[in-house]
Structures are given as C-alpha cells and as structure tokens.
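Participant: Predicted model and sequence below, questions to follow.
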Amino acid sequence: MKVNSSFPYLLYLVISEKDCLGKDFLTVAERAIIGGVDIIQLREKNDSTEVFLRKALKLKEVTDKHNIPLIINDHAEVAREAGCSGIHVGNNDTAPKILRGQPYFKDKMIGYSIEYLSQLENENTAVSDYLGISPIFSTDTKRDTVTEWGLDGLSKIRSLTHKPLIAIGNINFSNAAAVIKAGADTLAVVSAVCGAKNPEKAAYELKNEILK
C-alpha cells in the first residue's frame, strides 16, 4: 500500500472506556500501539469535561511514550487543556472553519466526518486535514449517523477528493483489504481492537492486512 505523505497513519484507533468492555482502556491503548496502531482518538461523548480531561491526560502519557498523536473527539477544551495533537468533529460539532480560526488549532490536526457528498465542496472540508468517512458499514458503536457509505460510496468519495480518507464503521480483519482497495488511506477501528481479547494481536493482524 502506498502511504499518503500528508497523513502517514495507517491504523487509527478510536477508543472509549465503554468500548473496552471492562478492560483498562489505557492498557488496551498501549497494547494496540505495540500491535501497530499509529494514531488514537479518545471519544467519550457522555463524560463531563473534568472526567474527559482526566482520561485524556492519562492517555496522552501513553501516546507520548510511544510518540504517536492523540486526537480528541469533539471537545475543543479537552484537546487544548491536554495539549493534544488535534480534534475530530462531525456536522453537529464545532465546525472546522471555526476551530481553524482559534489560535490553538491553527496548526493542529483537524478531522471532519463526511455524511453527505455535498460536504466535499464546503469550507470545512477545505480546512480539514483528513476526512472521516462514517460509517462504511453500520455499527452499534455509533448510531447517530446518516449515510452508510459502503465500498461504492467510499470509492465515489475517493474520486472526488485528494484529501486523506479515514474509513470507519464495522471495519475488521475480514473486510480491511476491501476497504483499502476501495480508496481508504487509513482504517479506523473501535470494536475490532477495543473489544478483542488480545488488542495487540488484533491490531497487528489489521495492520498487516493494510500493508499487503
């Protein structure tokens, strides 16, 4: 696989304490990094700012130790206070164009979820560093989505933009190669690693599918 030089991260873990199914999320994150995860997003939609920040600071110790970026889902204050590498937002969150105008996010990584093809032409896409194509396949870990893109939808988006595409949504070992072939630069996973008995092994196997 040819690595996108503007976004050289092949395996992207989206993690929350809940998705780790009782396992310590910091341990899951570290084992996943050792297995091959290149970048991590912390998504805690139901936590207070205080709790979310506390988790982010602890996770950043792990990601800093392994020299990989930590992205925060949707919460600009947590991203700033924890000194994270960037933020990922959707249509109902603070818009990328607004974030890019804030001093902290001027040079930070901003990811933007694509739910409609029309988004590819807006200013938010223009200022974002990568696009999250969500979901490729429907998933129980995220139910507030609009479009299930499928492989054909992903290929269509690939034909319309040169932005790095991060595919997410029920991606696992069995479909990873097909998703890459359809045009994804990066695979984002939740349950396939967080819910695995052996997160390190799961990440290793996924990473090798990407690299084939």
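Facilitator: Perfect, thanks for sending it.
Participant: All the helices of the protein, residue numbers only.
Facilitator: Assigned by DSSP state H, the helices in the chain fall at 25-35, 49-65, 76-82, 96-100, 123-127, 150-160, 176-181, 191-194, 199-211.
Participant: Quick check: residue 166 touching residue 188?
Facilitator: Yes. Counting by Cβ atoms under 8 Å, residue 188 is a contact partner of residue 166 at 5.1 Å. Bear in mind the C-beta positions are built from the backbone N, C-alpha and C, glycine included.
Participant: Now do the shared contacts for these two.
Facilitator: 12, 132 (Cβ atoms under 8 Å, 6 or more residues apart in numbering).
Participant: what about this protein, any weak spots by pLDDT?
Facilitator: By pLDDT under 70, the low-scoring segments of the chain are 141-145.
Participant: With adjacent residues omitted, what lies nearest to residue 138?
Facilitator: residue 148 (5.1 Å; Cβ to Cβ, 6 or more residues apart in numbering).
Participant: My error: substitute residue 115 in the last question.
Facilitator: Nearest residue to residue 115, sequence neighbours excluded (Cβ to Cβ, 6+ apart): residue 146, at 4.2 Å.
Participant: Would you mind measuring from that neighbour to residue 168?
Facilitator: 14 Å (Cβ to Cβ, to the nearest Å).
Participant: Compare those two (neighbour count), which wins?
Facilitator: For residue 146 versus residue 168, neighbours defined as other Cβ atoms under 10 Å are more numerous around residue 168 (28 against 12).
Participant: Please tell me how far that one sits from residue 99.
Facilitator: Noted for residue 168: a distance of 20 Å to residue 99, by Cβ to Cβ.
Participant: cool, residue 105 as well?
Facilitator: 4 Å.
Participant: Kindly report the same for residue 189.
Facilitator: 25 Å.
Participant: now swap in residue 123 and tell me
Facilitator: Distance from residue 123 to residue 99, by Cβ to Cβ: 12 Å.
Participant: go on, residue 184?
Facilitator: Residue 184 sits at a distance of 24 Å from residue 99 (criterion: Cβ to Cβ).
Participant: Please apply the same query to residue 67.
Facilitator: 24 Å.
Participant: which one of those two has more residues nearby?
Facilitator: With neighbours defined as other Cβ under 10 Å, residue 67 and residue 99 compare such that residue 99 has more, 23 against 7.
Participant: residue contacts, the more buried one?
Facilitator: Taking Cβ under 8 Å, 6+ apart, one finds 76, 87, 89, 105, 110 in contact with residue 99.
Participant: How about residue 89?
Facilitator: 73-74, 95-96, 99, 110-113 are the contacts of residue 89 under Cβ under 8 Å, 6+ apart.
Participant: Recalculate using a threshold of 6 Å.
Facilitator: The contact partners of residue 89, by Cβ atoms under 6 Å, 6 or more residues apart in numbering, come to residue 74.
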